[in-house]
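1. Provide a 3D model corresponding to the input given below.
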Amino acid sequence: MSVPSDLMTQIAEAPTLDAKHQLFAEFMEAEYNYVGVNYGLFIDTRSVETIRNNHLSKRAGLPDEWRDIYRRNRFAQDDFGMVMGAVSDRPILQSQFYRALDHDDIPRNFARVVRGVREFVSSGVVLPLEANGVRGILGLFRLSDDINKHDAQFERDRPAIQALANQLHRCSDWSDELVSQMGLSELNLKVLRLKAQGLRVKEILHEIKRDNPKTVDNHMRRVRKALGARNDMETIQRAAILGLLKEDHIPAQSVMRELPQTLALQ
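-> As a prediction, this is how the structure comes out:
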């Protein structure tokens, strides 16, 4: 199947992350029978611990029972698919996880999650994503299907699926989601943006109408923790990549200019 240019356009022009994810998920189910569509963003991939603790996600289609089990058992701490998606550069079929599980090739803590997934997911694939310096992951799952049949179909449809996944990741703005999930306040963001502009502590205090010099450090410490950064410079660099230094989202027009390159399948 060729890449539908109208869908690429719709994803780029959809006003919110939720709207883009919904468009993508509906198409994946209708055209490729992927009922579960999980899309995630990694803020920090330097270690397994930072992958676990610094990620955001949007989930659709999997049973509520599985979500309850996932939360109750803290599977996010040992999600092998998520970890591999963060460090890999090629798609990973669900069958590969299951074969590794059958051969005891997965550490016990990760194996418990793969075993749990197997109770609900018959087949699927994990797609590592990267755009604009930001790592992402896309999980596509079928609840009932022959796993060998799925793998053969995915190899056939892979170029179109990958192009659509790349488009979703390229034009998705996670900044609002990051602020919400990480609990950052407007004042946190204001101090961050003033710091990024090169203002000194006294100047920032004047702008935010505060007197205590420690106030600036406290706000920057909060943002550093949310972004998994080690210092203010790294915090500002990551904030810029994640869109936290600007008030507005990326205009759809700037994404549309890159469509020809996206549509040129490798």
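
2. so which bits of the strand or helix carrying residue 234 are buried?
-> Assigned by DSSP states H and E, residue 234 falls within helix 232-241. Residues of helix 232-241 classed as buried by neighbour count (16 or more other CB atoms under 10 Å): 232, 235, 236, 238, 239. Yep, even glycine has a C-beta here, placed from its N, CA and C like the rest.

3. I'd like those as TSV, with pLDDT and distance to residue 224 appended.
-> As requested, those are exported to TSV (pLDDT from 0 to 100; distance: CB to CB, whole Å):
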residue	pLDDT	distance to residue 224
232	92	7
235	93	5
236	93	10
238	88	9
239	92	10
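
4. now do stretch 178-187: everything it contacts.
-> 41, 43, 56, 189, 208, 219, 222, 223, 226, 227, 242, 244 (CB atoms under 8 Å, 6 or more residues apart in numbering).

5. now do the strands in the protein.
-> Counting by DSSP state E, the chain has these strands, from start to end: 36-42, 55-58, 92-93, 123-131, 134-142.

6. lowest average confidence across these, which one?
-> Ranked by mean pLDDT, the strands of the chain end with strand 55-58 in last place, scoring a mean of 90.

7. ok, that strand: who's next to it in the sheet?
-> Paired strands of strand 55-58, with direction, are strand 36-42 (antiparallel) (DSSP bridges).

8. how far does the strand it pairs with sit from the chain's center?
-> 5 Å (CA atoms, centre = their mean, to the nearest Å).

9. ditto for stretch 207-219
-> So, by CA atoms, centre = their mean, the centroid of stretch 207-219 is 32 Å from its chain's centroid.

10. so for it, what's the average pLDDT?
-> Per-residue scores along stretch 207-219 average to 93.

11. and that stretch, which residues are buried?
-> Applying 16+ other CB under 10 Å to stretch 207-219 flags 215, 216, 219 as buried.
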